[in-house]
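Asks: what's the 3D shape of this:
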Amino acid sequence: MSKKKSILITGGAGFIGSHVVRRFVKQYPDYHIYNLDALTYAGNLENLRDIEASPNYTFVKGDITNSDFLEKLFSEQRFEGVVHLAAESHVDRSITDPLAFVKTNVIGTVNLLNAFRDLWREDMWDKRFYHISTDEVYGSLGQDGLFTEETAYDPNSPYSASKASSDHFVRAYGETYGLPYIISNCSNNYGPHHFPEKLIPLFINNIINLKPLPVYGDGNYTRDWLYVIDHAVAIDLLFHKGRIGETYNIGGFNEWKNIDLVRLLCAKMDHKLSRATGTSESLITYVKDRPGHDLRYAIDASKINKELGWKPSVTFEEGLEKTIDWYLSNSDWLQHVTSGSYQEYYKNHYGS
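Replies: Model (predicted):
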């Protein structure tokens, strides 16, 4: 029997990564999927309970900032493809600790590139390194216009600067070493298994517990929202059919001002929780704006649509409904991640 194709997915215990791992494990039984995750605060193996016993799945605990570890892992498993999602991603945390973002997002990415390059230096023709990035590398838009793949980079936070740097390194390795890469830049994701530090899961959790809903500034910051399962489908398509050396923007065609989104979320939560209309909205609290806050992000995703036929499968209202229902049906998960006790899951199943 021939050896299964080995694919490495980094950050696969995180929010987007767990959806990508699940999709690849289920869709491609002829692949062996290795999920590499350091299991920091946002990495949670409970996200993958349904596929953890699959014969074509292996979890590896490790840190991409450790180059010796990566070189050994690549030498042993000889990964023919990499889907790189591991990243520090929370803007507020990047303002507090920029160096942590440099270490993971820049040095970690370069370590992966080196390990991949050194393994396949003489045999890259059928290999693929797929790097997932963010629309925040493009900076801020005014009231009009969209980010395209040709938009100049203009990052405004330590987080977006670190992701912009990692994008540049991936392209540089393509030009310098002939490394076969694809990059995608996505808009804000939402959906099941999202750690409650980002807007939608944070506010769902706060509404459940009747806690304040902190809205930055006047709440008129605009974001494009993408349902995470639609993003996983796009990643699958690009990994298999995207053109080497190309960048693709992935967006939800779905712009919302923060305050309008929050009010919609409040109305839906009041209905779901059988609370009086306006109960959740009364929790809205305007707080001091964060430094370097980008006014508007909006993605032009026409390239991936024209080349591969991808488009979002749900409207934002439908996706938000699915997301709320998931959190309300998985209160144990939410309690575990907010208390930190989910980390016991790793110890119980894999040792210390």
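Asks: Mind listing residues that contact stretch 47-60?
Replies: The contact list for stretch 47-60, computed with Cβ atoms under 8 Å, 6 or more residues apart in numbering, reads 4, 12-15, 18, 21-22, 25-26, 28-37, 45, 73, 193, 349-350. In this view, the C-beta of every residue, glycine as well, is placed from N, C-alpha and C.
Asks: Just the endpoints, please. Distance across it?
Replies: Across stretch 47-60, the terminal residues are separated by 15 Å (Cα to Cα, to the nearest Å).
Asks: who's in contact with F116?
Replies: Contacts were defined as Cβ under 8 Å, 6+ apart; by that measure F116 touches F74, F79, V82, K127, F129, L179.
Asks: And the contacts of stretch 47-60, which of them are buried?
Replies: Using 16 or more other Cβ atoms under 10 Å as the burial test, these include 12-15, 18, 21-22, 25, 28, 31-37, 45, 73, 193 as buried.
Asks: Low-confidence bits of the stretch 201-350 of the chain, can you list those?
Replies: 340-350 (pLDDT under 70).
Asks: can you pull out the helices in it?
Replies: With DSSP state H, counting those that start in this stretch, the ranges of helices along the stretch 201-350 of the chain come out as 228-241, 258-272, 302-308, 316-329, 331-339, 343-350.
Asks: pretty sure Y221 is touching G292, no?
Replies: No - look at Y221 against G292 with Cβ atoms under 8 Å: they stay out of range, at 12.0 Å.
Asks: Can you tell me the closest non-neighbouring residue to L328?
Replies: K272 (6.1 Å; Cβ to Cβ, 6 or more residues apart in numbering).
Asks: just K103 next, same as before
Replies: Closest to K103 by Cβ to Cβ, 6+ apart is T65, at 5.2 Å.
Asks: I'd say that neighbour and T109 touch.
Replies: No - with contact defined as Cβ under 8 Å, T65 does not count as touching T109 (9.9 Å).
Asks: and these two? which has more neighbours close in?
Replies: The neighbour count for T65 versus T109, taken as other Cβ atoms under 10 Å, is higher for T109 (28 against 20).
Asks: List the buried residues of the helix or strand containing that one.
Replies: In this structure, T109 sits in helix 108-120 according to DSSP states H and E. For helix 108-120, a neighbour-count test (16+ other Cβ under 10 Å) marks G108, T109, V110, N111, L112, L113, N114, A115, F116, R117, L119, W120 as buried.
Asks: Which neighbouring elements make contact with the helix or strand following it?
Replies: Where DSSP H and E defines the elements, the next helix or strand beyond helix 108-120 is strand 128-134. Applying 3 or more Cβ pairs under 8 Å, 6 or more residues apart in numbering; DSSP states H and E, we find strand 128-134 packed against strand 81-84, helix 108-120, helix 158-177, strand 181-186, helix 228-241.
Asks: how about a markdown table for these, with distance to N56 added?
Replies: Formatted as a markdown table, the helices and strands packed on strand 128-134 follow (distance: least, Cβ to Cβ, whole Å):
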| stretch | distance to N56 |
| --- | --- |
| strand 81-84 | 14 |
| helix 108-120 | 21 |
| helix 158-177 | 27 |
| strand 181-186 | 23 |
| helix 228-241 | 15 |
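Asks: Quick check: which of those is nearest to D135?
Replies: Closest approach to D135 among these is made by strand 181-186 (5.2 Å; Cβ to Cβ).
Asks: List of residues touching the closest one?
Replies: Contacts of strand 181-186 (Cβ under 8 Å, 6+ apart): 128-135, 137-138, 147, 149, 167, 170-171, 173-174, 226, 231, 234-235, 238-239, 242-251, 299, 304.
Asks: which of those residues are buried?
Replies: Applying 16+ other Cβ under 10 Å to the contacts of strand 181-186 flags 128-135, 137-138, 147, 149, 167, 170-171, 173-174, 226, 231, 234-235, 238-239, 242, 247-251, 299, 304 as buried.
Asks: Just list the residues touching G242, thanks.
Replies: Y130, I182, S184, Y248, E307, L308.
Asks: Pipe those into TSV and attach distance to Y286 per row.
Replies: Shown next, in TSV, are the contacts of G242 (distance: Cβ to Cβ, whole Å):
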residue	distance to Y286
Y130	40
I182	41
S184	34
Y248	36
E307	42
L308	41
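Asks: Closest one to W256 out of the residues you listed, please.
Replies: S184 (21.5 Å).
Asks: Could you check how far G278 is from F69?
Replies: 53 Å (Cβ to Cβ, to the nearest Å).
Asks: Closest one to V91 out of the contacts of G242, please.
Replies: Closest to V91, out of all of those and judged by Cβ to Cβ, is S184, at 19.4 Å.
Asks: and the nearest residue to the closest one once chain neighbours are set aside, what does it touch?
Replies: Spatial nearest neighbour of S184, excluding adjacent residues (Cβ to Cβ, 6+ apart): Y248 at 4.7 Å. Going by Cβ under 8 Å, 6+ apart, Y248 touches E149, I182, I183, S184, N185, A234, L238, G242, K303, I304, E307.
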